[in-house]
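Undergrad: got a sequence here, can you build the structure:
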Amino acid sequence: MTDNRNTIIAVILSGLVLIAWQYFYNVPQMEKQRQEAQKQAELAKPSPQATPGSTAPQPGAAPSAGGTPSTATPPTAQGPIISRNAALEASPRIKVESPRITGSISLKGARIDDVALTQFRETVDPKSPPIILFSPSQTAHPYYAEFGWVPATGSTIRMPDQNTMWQQEGSGALTPSSPVTLKYDNGEGLVFKRTISIDDRYLFTIKDDVSNIGNTPASLYPFALISRHGAPEVSGYYILHEGLIGYLGEKGLQEYSYKSIDEAKQVNFNVTNAWMGITDKYWASALLPDTTAKLQARFSSNQVGKIRTYQTDYLGEAQTVPIGGSVSYNARLFAGAKEAGVVGINFPLVGLGGYNKQLGLNHFDLLIDWGWFYFITKPMFLALDYFYHLVGNFGYSILIVTLIIKLLFFPLANKSYASMAKMKAVQPQLTALKERYPDDKVKQQQEMMEIYKKEKINPIAGCLPVLLQIPVFFSLYKVLFVTIEMRHAPFIGWIKDLSAPDPTTIFNLFGLIPFDPIAVLGHGIGAYLMLGVWPIIMGITMWFQMKLNPTPPDPTQKMIFDWMPLIFTFMLAGFPAGLVIYWAWNNLLSVAQQSYIMRKNGVKVELLDNIKSTFLPKRAEKAESKT
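TA: Residues are numbered from 1 along each chain as shown. Below is the predicted model of the structure:
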């Protein structure tokens, strides 16, 4: 009766684990993404609702190093939402052409507000549209960078703003070999000149010059900002930061999600050697001021009508323009994909320099969310990236790195599997104990521990291989999830994206039947039925590994172990395919490794016998019933 009760409890608990995982994790995430997509679609519809412009930081009447930027003017109305193409055609523009970026710079306001990443597509289809990073004001998703000058409070100097029409000196597009120069004369003695250049990756360099041909000196403050209108759709996973980010001098890494900056409204920093920006899962924009510049930096969130704007900006120290003289100020903008080789990786002895090293930046590599366990995730990425460049396929790279990890941990796993082999050898003695003391569980446990002690067996040693997998599993999951190098990386066959779940499902015969479980049954029940080929392979290999181990003497433990492969099959079905492939391959290597160690310790490998025993008793019962 007790065994039956324990079995029922085990089955119920196993089911609850599966249901809880699906209900509290997968379903909420999918529902959140659906709601965000619906929200963005509604925002894209034409509406009379005005959209806000940028908010330039402005010093106080008596600026100081410890001063805080404040709002210069409230955001201005920009009219109804229009299409992106219409917004781009509304003002004259300078075309941007580089190996990784196409777009344009608006002469109105001199904003960098049109950036497309040509090497990355929205889907795995190479003909799908490129990723759009920046978009102008008045569109459904305004996102742009702006640079300029502001006067001290109370000054009446006419300054260029978001409505100023700049003039291009010469003609031609902005390319890595040909910078462009813009000019604006305020008619009051100040002439503003801006030279913009771009490299062959994602870096804009902006040099601002101000000449004074008037009869009074002028005191100006340089500023730069990145503004985003409306909260974007985010992945929603706790292991990934999306929102405002910066490494602000001695204050270190600062991360504010859209929700947290909404609550804080505004956060100010007085810093040197800083960078700041806005990050998505794979893309980011960041202001990269001179590392020696003293800045008044800010993260902020403002509500204007129904639109919320998110902004990161900084205000530099005062620059005095003498009569007949000029001043210059340099700024930089990163706008692109968070490629490790471009951003950079800080890691002892090895790593990729990128902008972090090239520009002498302060931990710019943290633009990629390596997480708290960066000491594991970074080397994991470096290893995967190395073998990818060696074999040309990230899937093969995962298999190679998994094999190397197995070899590295072989001595430790050897002790664990040796202990499990000894447990297999004493299995007859444990079975005899159950027969000798069928109704005395306490006596069974006492005698069992005596056998373990005599044979020098650690009963929990078998958990060691699983424990060893946890940090590797997590680091690989993190790398697959946050690094753009894994995005749309194919393996073989139907796996076109290792960072996405296996797209097949057994419930439509892997595509033979025109049936989409989620479309028909919704995200609740339908999500249970998205069981692809690789999750099934993983579950089978895990079942093989369980059958290689000695059967637990306790019926409850046995039931849990019997159900574990099925539970993990459903749980991992929604994980990135690369992670499921790793787990399946690791299971196969574990079976081979454990079989070898068992033979080495003189224990018979009874994998096939254990598999047969799972099915043969049922056949025997059927044969007896017929006779």
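Undergrad: which residues of the stretch 101-250 of the chain fall in strands?
TA: Assigned by DSSP state E, counting those that start in this stretch, the stretch 101-250 of the chain shows strands spanning 101-106, 112-121, 130-134, 143-151, 167-169, 180-185, 190-198, 203-212, 218-229, 243-248.
Undergrad: could you dump those to JSON lines with distance to residue 546, mean neighbour count and mean pLDDT?
TA: C-beta coordinates here come from the backbone N, C-alpha and C atoms, glycine included. Shown next, in JSON lines, are these (distance: least, CB to CB, whole Å; neighbours: other CB atoms under 10 Å; pLDDT from 0 to 100):
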{"stretch": "strand 101-106", "distance to residue 546": "51", "mean neighbour count": "24", "mean pLDDT": "96"}
{"stretch": "strand 112-121", "distance to residue 546": "41", "mean neighbour count": "20", "mean pLDDT": "96"}
{"stretch": "strand 130-134", "distance to residue 546": "43", "mean neighbour count": "19", "mean pLDDT": "96"}
{"stretch": "strand 143-151", "distance to residue 546": "50", "mean neighbour count": "24", "mean pLDDT": "96"}
{"stretch": "strand 167-169", "distance to residue 546": "70", "mean neighbour count": "13", "mean pLDDT": "95"}
{"stretch": "strand 180-185", "distance to residue 546": "65", "mean neighbour count": "18", "mean pLDDT": "96"}
{"stretch": "strand 190-198", "distance to residue 546": "56", "mean neighbour count": "20", "mean pLDDT": "97"}
{"stretch": "strand 203-212", "distance to residue 546": "52", "mean neighbour count": "20", "mean pLDDT": "97"}
{"stretch": "strand 218-229", "distance to residue 546": "49", "mean neighbour count": "24", "mean pLDDT": "95"}
{"stretch": "strand 243-248", "distance to residue 546": "42", "mean neighbour count": "25", "mean pLDDT": "96"}
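Undergrad: just the endpoints, please. Distance across stretch 362-379?
TA: End-to-end distance of stretch 362-379 (CA to CA, to the nearest Å): 20 Å.
Undergrad: which residues sit against that stretch?
TA: By CB atoms under 8 Å, 6 or more residues apart in numbering, the list of residues contacting stretch 362-379 from outside reads 239-241, 245, 247, 249, 253, 273-275, 277, 279, 284, 286, 288, 291, 334, 338, 340, 343-347, 350-351, 354-356, 471-472, 474-475, 478-479, 482-483.
Undergrad: in PyMOL, select just the buried ones from these.
TA: Of the contacts of stretch 362-379, the buried ones go into a single PyMOL selection, burial set by 16 or more other CB atoms under 10 Å:
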select buried, resi 240+241+245+247+249+273+274+275+277+279+284+286+288+334+338+340+343+344+345+346+347+351+354+355+356+472+474+475+478+479+482+483
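Undergrad: out of the contacts of stretch 362-379, which are inside strands?
TA: Counting by DSSP state E, the contacts of stretch 362-379 place 245, 247, 253, 274-275, 277, 279, 284, 286, 334 in strands.
Undergrad: can you list the strands of the stretch 101-250 of the chain in a markdown table and add distance to residue 367?
TA: Below are these laid out as a markdown table (distance: least, CB to CB, whole Å):
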| stretch | distance to residue 367 |
| --- | --- |
| strand 101-106 | 17 |
| strand 112-121 | 15 |
| strand 130-134 | 14 |
| strand 143-151 | 16 |
| strand 167-169 | 32 |
| strand 180-185 | 27 |
| strand 190-198 | 19 |
| strand 203-212 | 13 |
| strand 218-229 | 13 |
| strand 243-248 | 7 |
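Undergrad: what's the closest of those strands to residue 502?
TA: strand 112-121 (20.7 Å; CB to CB).
Undergrad: what does the closest one contact?
TA: 88, 93, 96, 99-106, 127-137, 142-146, 196, 204, 282-283, 333, 335-337, 484, 487-488.
Undergrad: now with 7 Å?
TA: 88, 100-106, 128-136, 144-145, 204, 333, 335-337 (CB atoms under 7 Å, 6 or more residues apart in numbering).
Undergrad: and the residue nearest in space to the middle of the chain, how far is that from residue 106?
TA: Closest residue to the average C-alpha location of the chain: residue 482 at 2.9 Å, with CA atoms, centre = their mean. Distance, residue 482 to residue 106, using CB to CB, to the nearest Å: 32 Å.
Undergrad: repeat for residue 119
TA: On the measure of CB to CB, residue 119 and residue 106 end up 24 Å apart.
Undergrad: so what's the backbone phi/psi at residue 403?
TA: phi -60, psi -40 (degrees, to the nearest 10).
Undergrad: if we can go back for a sec, which among the strands of the stretch 101-250 of the chain is found nearest to residue 597?
TA: Nearest to residue 597, of these and by CB to CB, is strand 112-121 at 45.6 Å.
Undergrad: which residues of the stretch 301-450 of the chain score low on pLDDT?
TA: The stretch 301-450 of the chain contains residues with pLDDT under 70 at 348-352, 417-418, 420-421, 424.
Undergrad: what's the helix or strand for the nearest residue to residue 414 once chain neighbours are set aside?
TA: Using CB to CB, 6 or more residues apart in numbering and skipping residues adjacent in sequence, the residue nearest residue 414 is residue 597, 6.0 Å away. Element membership for residue 597 (DSSP states H and E) is helix 577-600.
Undergrad: pull out the buried residues from that helix.
TA: 577-587, 589-591, 593-595, 597-598.
Undergrad: beta partners of residue 149?
TA: Assessed by DSSP bridges, residue 149 has beta-bridge partners residue 222.
Undergrad: same thing with residue 212?
TA: The residues that residue 212 bridges to, once DSSP bridges is applied, are residue 190.
Undergrad: nothing else from me, thank you.
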